[in-house]
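[1] With the sequence up front, the predicted model follows.
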Amino acid sequence: MTTQGGLGRRAGALITAVAAVGAVVGLPGPAAGLSGPAAGLSGPAAGLSGRAATAGGAVPPYAFDGSAQRVQGAASSSDAVRLKTGQTYRDTLKKDGKVYYRVDLDRQNAYVSVVAVPRAGGEVDYGDGFKVSMQDGSGTECGYQQANFSSSRFTRPLAAYARRIVDADSPTCQGAGAYYVLVERESKANTDDWELEIRYASEPALKKAGPTELPEVWASGTPGPPPGDPRARQGGSGVRDAISLTQGEWRSDIRPGQTLFYRVPVDWGQQLFTTAELGSSASGDEYIGQALVLSLENPALGHVEEATVGYSGKPATLALDALRPVAHENRTSSAEATSGMRFAGWYYLSATLNPALAEEYGDRTVPLTLRVTLRGAAKPGPGYDGDAGQFSVTADDRAAADQGVSGAQAAEADGSLRVVAVAGIGSGTVLLLGLGGWTLLARRRAAAA
């Protein structure tokens, strides 16, 4: 998966290096972060998107990665296009379609994620969904995941991943060479084409074997609400522009049929607890089942957990089940919610409001409050034999979570700074241009809000 770390995982390092070359005097505001609208936004309505807060009109669509490369999945593995790390791809999957892609692997763990995006407002039947699996050259299945709408019979983006794990004790899927990713869709009611957003992420092997036994005792009790006052932070419209959150209480507005995306950095040894609350409405009291769906995906966009709640015009709250602390040994579990908490990095939350609310309560926004709690101190990683990349939490990631920077903004700023660095101009100019880039991003976001 394309790394979207912090304010750019290398941006902070670049500014630090420039500062070391020449004295830096009088930096305005926090040099490593955005100020103004991007800096956390206070007040009950500050920072809420104009599009999201407007009643009527089309619901904001899923925001695909603008850098995604269009590909066409093959009907046969022999014709599969090869995927590369660091690149996002897009494809289209028809009803009951089956398509192949290829990845070339050595001795590394590999994850290929698929975000399936049906047309917003469509209907689906129970069990409609898709499966993504990885196979070796003999057709042996290495690892798969299925995603479906279960009893929530309205369309929303679904995420799942296929994987190949290096395991000295496994007799299959351990050789180097070509592996094939198969995406299969099964739909009973929905006949629309689904758009796919595809990412391939590589995880380094460990320098030495890590633990494999899960602790028998772990803190599963739900903590109290996070401290501090509620702050406004409107969710993004896709994985790429998911809005960064840290521990706290966060307020958004959500339209019927809309999906909002957020991301939270969770380090090794930390536990993530999340609740979502729909605010009350004066427009009616009709009960709507499965009114809100909250889903959690891990840093490789593998599905971890989801929860739903009904709504009758009164406040309604749901909570994701208590999850184990992030640990390498979690991957040995057969339980998806435990296995998914297998590495540190950005964990993604998505909230979807049932489009049926528009009929009973009007096509207007409903207040949505997310409460995020992180329990436990960060611990050292398991000892990767190489750069952990997206499977880590950096100081810049924590700064991005504090400031509410989206993944897209972080990537844009990171790219701007790298271009400046390559240009080879003076250190003072590099620093000024870097800070100017942050200021420009802040002004753009302020103008948009």
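    Okay, I see it.

[2] Quick check: mean pLDDT of stretch 160-169?
    Regarding stretch 160-169, the rounded mean pLDDT is 93.

[3] and if you look at stretch 90-104?
    On average, stretch 90-104 scores 96.

[4] I'd like the C-alpha coordinates of it written as CSV, please.
    Output of stretch 90-104 as CSV, limited to C-alpha atoms (Å, rounded to 0.1, in the frame of the first residue of the first chain):
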residue,chain,number,x,y,z
ARG,A,90,-8.0,0.9,-10.2
ASP,A,91,-10.2,-1.6,-12.0
THR,A,92,-13.8,-2.4,-12.6
LEU,A,93,-15.5,-5.7,-11.5
LYS,A,94,-18.7,-6.8,-13.1
LYS,A,95,-21.4,-8.9,-11.5
ASP,A,96,-20.1,-12.4,-10.7
GLY,A,97,-16.8,-11.4,-12.2
LYS,A,98,-13.4,-13.1,-11.6
VAL,A,99,-10.1,-11.3,-12.4
TYR,A,100,-6.5,-12.1,-11.8
TYR,A,101,-3.4,-9.9,-11.0
ARG,A,102,0.2,-10.9,-10.4
VAL,A,103,2.8,-10.1,-7.8
ASP,A,104,6.4,-11.3,-7.8
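
[5] Wait, a strand at Ala408?
    No - counting by DSSP: H, G, I helix; E, B strand; the rest coil, Ala408 is not part of a strand but helix.

[6] Quick check: buried residues in stretch 272-281?
    Buried residues in stretch 272-281, counted by 16 or more other C-beta atoms under 10 Å: Leu272, Phe273, Thr274, Thr275, Ala276, Glu277, Leu278, Ser281. From N, CA and C alone the C-beta is placed, and that goes for glycine too.

[7] And the residues you listed, which is the shakiest by pLDDT?
    Ser281 (92).

[8] tell me which element the closest residue to Asp136 other than its chain neighbours falls in.
    Leaving aside its chain neighbours, Asp136 sits nearest to Cys173 (5.1 Å; criterion: C-beta to C-beta, 6 or more residues apart in numbering). Assigned by DSSP states H and E, Cys173 falls within no helix or strand.

[9] C-terminal to the helix or strand hosting Ala147, what's the next element?
    Element membership of Ala147, judged by DSSP H and E, is strand 141-148. Next along the chain after strand 141-148, taking DSSP H and E as the criterion, comes strand 158-164.

[10] gap between that next one and the chain center?
    Mean-position distance between strand 158-164 and its chain equals 13 Å (C-alpha atoms, centre = their mean, to the nearest Å).

[11] And the next helix or strand past that strand?
    strand 177-186.

[12] Pull that next one out as CSV, backbone CA atoms only.
    C-alpha atoms of strand 177-186 as CSV (Å, rounded to 0.1, in the frame of the first residue of the first chain):
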residue,chain,number,x,y,z
GLY,A,177,8.4,-16.3,-7.9
ALA,A,178,5.1,-15.4,-9.4
TYR,A,179,1.9,-15.4,-7.2
TYR,A,180,-1.6,-14.6,-8.4
VAL,A,181,-4.3,-12.5,-6.8
LEU,A,182,-7.8,-13.6,-7.6
VAL,A,183,-10.8,-11.2,-6.9
GLU,A,184,-14.2,-12.9,-7.1
ARG,A,185,-17.5,-11.2,-6.8
GLU,A,186,-20.8,-12.8,-5.8
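
[13] Alright, calling it a day.
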